[in-house]
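> Predicted model follows, preceded by the sequence.
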Amino acid sequence: MPLPTAYSAVPDWFSSENQGVDAALADLTGSGRPDLVVLMVDDGPQQNRGLYRIGRDLDAAGVVTGGWTPWIDVPDWFSWANQGAGVAAADLTGSGRPDLVVFMVDDGPQQNRGLYRMGRDLDGDGVVTGGWTPWIDVPDWFSWANQGAGIDVADVSGSGRPDLVVVAVDNPVGRNQAFYRVGMDLGPDGVAAGWSTPLGISNWFSWENQDAGVAVVDLGAGPTAVGVAVDAPPGLNNAFTLAIPLREDPAVHGTWEVLPYNSQVLAIHAALLRTGHVLFFAGSGNNTVREADPSYGDVAQDMWTSVVWDPDAPAGANFTHPATLHRMDGRPFDFFCCGHAPLPDGRILAGGGNLAYNNGNNLGQRDVASFDPGTGQWSTRPATANGRWYPTLLTLPDGRILAVSGKNDTNGDLNAEFEVYDPALDQWVHLHPPQNFVGLPFYAHLFVIADGRVFFSGGRMDDGRPQAAGILDLGHQPVGFQGVPALLEGYMRNQSASVLLPPAQRQQVMIIGGGPGMEMAGATGHTETADLDAPAPAYVESTPMSLPRIHLNAVLLPDRTVFVSGGAMTHEGGAMMPIPRLQSEIYDPETGEWQAAAVAEVVRLYHSVALLLPDGRVITACGNPPPYGNHAPWEPPQPNEELRIEVYRPPYLFRGLRPEITGAPQQWGYGATVAVQSPQAGQLRWAQLISPASTTHAFDCHQRLVDLPITAQGGGQLEVATPAEPGLAPPGWYMLTVVDQDRVPSAARWIHLT
């Protein structure tokens, strides 16, 4: 490997303070040797200046042999403060002469802006002979502070036209994050035909950066962005490089596909049934017009409140329509913003929901229902003591269902009472909440932990109630509570995601992303993990996502990773359009790192859901905040109802043959050894149970992956040990999968743990 060249000074550098620098290569003189274009931002006593100069004819050692041009001002540089700059040279006009693209981050009094302009037809002296375009904004720039940026020009899309690659370092509170965008098919006026969604750079570790840059090259697998950044820790700075593939590879990123039919109801609530079918239920679905329509709930007029989808059936034969259930007042049972949980026998219990819209302060209904996958119908269960809208329902280790939080049925205040449903007695029992307790917020993120207690992660939905995370002990009256302190931004966990990291035996809960209350401030990408096996559990920081987001969905995959999709940079409903997050990400608890995944087509914001199918795919559905969404059949007046279903195929579905399960008993008990048949026995890495999803408002408190220790394998059979206690795996139906040494999982087989 050749040794690096010595540092060479750029002559006549006159700045006492700079706020951006970059370089590019192009043959401007026609000598056949590359020339060096150097850009600097001079932060003088008055308005900033952007200037460049050309070092002619670089030799093999990187030495300028043909002299330097004078410094040349980029005209109309308007910033008084910059937080990054970049330069690239390429023939964008087709004239045969290189054009100069100059980029800057303007640090104005409000949110930052990323802008670029093009100088046409550079001559050998670096003079722009064809004029300059106006400054052009990079759309949806979300940073309020940047600590470095850079650009390059390359054909990323493969269209034959040049694309602009923009990289920037975002400097939020806490650890920095970096992102990039691609402006596709630059025209001769410098305008891009379209822009990619903001794309994240995974595992950024710096808390402070002092510049960054990028160059695009083909390293053998298509265009790759090679970035460089300056890390500014206490003491001496460091510089690091990284490579970012700019084209998706299914075996690395997975793929997305929009299905050729829609969900038929707004899938605000979704549950995977023990049949492998998916129950979508919505009630009025956040639509006052539908709720007031005389045909609301009339199945004959396609005004369904719930549907059952068979993912494996052909279009036209893949939906069934349960009869509309009616509540105590004779109106259709309104599932909108209810809570739901699986019962041990496979039924889905839905409690609470929308009693009345009440001018925006919705009232909660007391009604409760259960859905039976065997009959495909709903039936009425005993009502709760008071109404609940935005509640959490949680299956406990003894098979009972805990109901907490939600708005009541009288004035829309918090229902602070705890109730437990006993399916054996078909009745509710009242518990006394903890003393000196603020109250669990709406859609509180709860998890059953191994010792039978319940962990509140701090995650919530549209509720600024300052209740800290902690562990609830339902075995005491009043209920006991042990706080679990957060390290970072406890107030930023509105519309976050929480997961019990796989396998459940780790007893580690991660909280991911979110934002502040109902404010329009930006989201966070920060994550924290609590080890609930520790004597004094507390959150510690984990690697952040590459993209900040709220109303994200997080799904446990059978290769024991966590898949994150959807969400936005800001809460919807404000004056500023929310910036959607279409790029998905995958977190590996073994390495503690995130990996970029494929970019979705459909925007998923408020009310979106995501869940794992038995074959290893992930489905996403719903989303209905303004201004996004497709027009539903009953529009006008509400156009913001997203009915498209989009399916994600993870990378493991592109890695060749999958292992198989050819036989296993359906009924399992605790603390037992079970024989499972598989042709790959002897070569398997893991066996595991995965709970079927029951998700709403970007959260599923029942989601868990439970390791089944393999005690023996070979000869077409493996023996696995089932959990000893129901705290690890509450009773109910599970998906059994096995995973090979390459972390490729089998399709699932349904088993019943009792």
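It's in. Numbering: from 1, shown residues only.
> and the helix or strand hosting Phe447, how far out from the chain's middle?
Following DSSP states H and E, one finds Phe447 within strand 446-448. Distance, stretch centre to chain centre, for strand 446-448: 21 Å (Cα atoms, centre = their mean, to the nearest Å).
> Then stretch 491-511?
With Cα atoms, centre = their mean, you get 13 Å for stretch 491-511.
> now swap in stretch 582-598 and tell me
With Cα atoms, centre = their mean, you get 10 Å for stretch 582-598.
> swap in stretch 125-136?
40 Å.
> same thing with stretch 567-574?
Remark: stretch 567-574 is offset 13 Å from the chain centroid, using Cα atoms, centre = their mean.
> Give the buried residues for that stretch.
Gly567, Ala568, Met569, Thr570, His571, Glu572 (16 or more other Cβ atoms under 10 Å). Where C-beta positions appear, they are placed from N, C-alpha and C, glycine not excepted.
> circling back: what's the first helix or strand after the strand holding Phe447?
Per DSSP H and E, strand 446-448 leads on to strand 454-456 as the next helix or strand towards the C-terminus.
> From the rest of the structure, what touches that next one?
Contact partners of strand 454-456, identified using Cβ atoms under 8 Å, 6 or more residues apart in numbering, comprise 394, 396, 402, 440, 444-449, 467, 469-474, 484, 509, 530, 532.
> again, only using 10 Å
392, 394, 396-397, 402, 404, 440-441, 444-449, 467-474, 479, 481-484, 498, 500, 507, 509, 530, 532, 537, 701 (Cβ atoms under 10 Å, 6 or more residues apart in numbering).
> Report the buried members of the residues you listed.
392, 394, 396-397, 402, 404, 440-441, 444-449, 467, 469-474, 479, 481, 484, 498, 500, 507, 509, 530, 532, 537, 701.
> ok, back up a step: now, the contacts of strand 454-456 that are in strands?
Under the assignment DSSP state E, the contacts of strand 454-456 contribute 392, 394, 402, 404, 446-448, 470-473, 481-483, 498, 500, 509, 530 to strands.
> Can you add pLDDT and distance to Ile579 and give the buried residues of stretch 567-574 back as a markdown table?
Putting those into a markdown table (pLDDT from 0 to 100; distance: Cβ to Cβ, whole Å) gives the following:
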| residue | pLDDT | distance to Ile579 |
| --- | --- | --- |
| Gly567 | 94 | 10 |
| Ala568 | 90 | 6 |
| Met569 | 86 | 4 |
| Thr570 | 81 | 7 |
| His571 | 78 | 11 |
| Glu572 | 74 | 10 |
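> between those residues, which is closest to Ser694?
Gly567 (20.0 Å; Cβ to Cβ).
> Wait, that closest one touches Arg581, no?
Yes. Assessed by Cβ atoms under 10 Å, Gly567 is found in contact with Arg581 at 4.6 Å.
> Common neighbours of these two, please.
Gly513, Ala523, Met545, Leu547, Pro548, Arg549, Ile550, His551, Leu552, Val603, Arg604, Leu605.
> How many residues are close by the fifth one?
In other words, Pro548. By the criterion of other Cβ atoms under 10 Å, Pro548 has 29 neighbours.
> With the last one instead?
Summarising burial for Leu605: neighbours were counted as other Cβ under 10 Å, giving 28.
> what's the answer for Gly669, then?
12.
> and what of the one 4 residues further on?
The criterion is other Cβ under 10 Å. On that basis, Thr673 has 12 neighbouring residues.
> Distance-wise, check the nearest residue in space to Asp43 that is not next to it in sequence relative to Leu273.
Spatially, and ignoring its direct neighbours in sequence, Asp43 is nearest to Glu17 (4.1 Å; Cβ to Cβ, 6 or more residues apart in numbering). Separation of Glu17 from Leu273 (Cβ to Cβ, to the nearest Å): 64 Å.
> Show me which of these two is the more surrounded one.
Using other Cβ under 10 Å, the more surrounded residue of Glu17 and Leu273 is Leu273, with 24 against 10.
> does that one really touch Asp345, like I thought?
No. Under the criterion of Cβ under 10 Å, Leu273 is not in contact with Asp345, lying 11.9 Å apart.
> what residues do these two have in common as contacts?
Joint contacts of Leu273 and Asp345 (Cβ under 10 Å, 6+ apart) are Asp372, Pro373, Gly374, Trp733.
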